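Chemist: With the input below, show me the fold.
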Amino acid sequence: MRVVVAISYGKGVIACEPYERMCGAYFADFIDRNFNRMFEEVNKERGKNFMHDSDPSQNSAIAKRVMFWAQCTDTHPPGMLARHSCY
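Modeler: Reported below is the predicted structural model:
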């Protein structure tokens, strides 16, 4: 079984969703459906940051477009874990 798991420091698992195939469209849909709720739930005062493992589908044009709509900026160096700041 494959799952997307979102973990927040000090809060634990805030999202866990099984998937069959990771692709840009799926990851973009996951962002669209979950980011607002997840960031509201954790209520971090220092901003909205998230990291992912830089799977190519998570760096696809469609995923980046949805991250832009979610007001996330890409702040990771190439070859490293992707780190994004969302405002």
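Chemist: Only the C-alpha atoms, please, for the strand or helix carrying Met38, written as CSV.
Modeler: Secondary structure assignment for Met38, by DSSP states H and E: helix 24-42. What follows is helix 24-42, C-alpha atoms only, in CSV (Å, rounded to 0.1, in the frame of the first residue of the first chain):
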residue,chain,number,x,y,z
GLY,A,24,1.5,15.4,-11.0
ALA,A,25,-2.3,15.5,-11.4
TYR,A,26,-2.8,13.4,-8.2
PHE,A,27,-0.3,15.5,-6.2
ALA,A,28,-1.9,18.7,-7.4
ASP,A,29,-5.4,17.4,-6.5
PHE,A,30,-4.1,16.4,-3.0
ILE,A,31,-2.7,19.9,-2.5
ASP,A,32,-6.0,21.5,-3.7
ARG,A,33,-8.1,19.3,-1.4
ASN,A,34,-6.0,19.3,1.7
PHE,A,35,-3.6,22.3,2.1
ASN,A,36,-6.0,24.8,3.5
ARG,A,37,-7.4,22.4,6.1
MET,A,38,-4.0,21.1,7.1
PHE,A,39,-2.6,24.5,7.6
GLU,A,40,-5.6,25.7,9.5
GLU,A,41,-5.5,22.6,11.7
VAL,A,42,-1.8,23.0,12.7
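Chemist: Quick check: buried residues in it?
Modeler: By 16 or more other C-beta atoms under 10 Å, the buried positions in helix 24-42 come out as 24, 26-28, 30-31, 34-35, 38-39. Every C-beta, even on glycine, is put in place using the N, C-alpha and C of the backbone.
Chemist: And those residues, which is closest to Ala6?
Modeler: Looking at those and their distance to Ala6, the nearest is Met38, at 5.7 Å (C-beta to C-beta).
Chemist: do you know how far the closest one is from Arg21?
Modeler: To Arg21, Met38 is 22 Å away according to C-beta to C-beta, to the nearest Å.
Chemist: sorry, back to before: from the buried residues of helix 24-42, which one has the minimum pLDDT?
Modeler: Least confident by pLDDT among the buried residues of helix 24-42: that is Phe39, with 82.
Chemist: Does that residue touch Lys48 like I think?
Modeler: Yes: using C-beta atoms under 8 Å, Phe39 makes contact with Lys48 at a distance of 4.8 Å.
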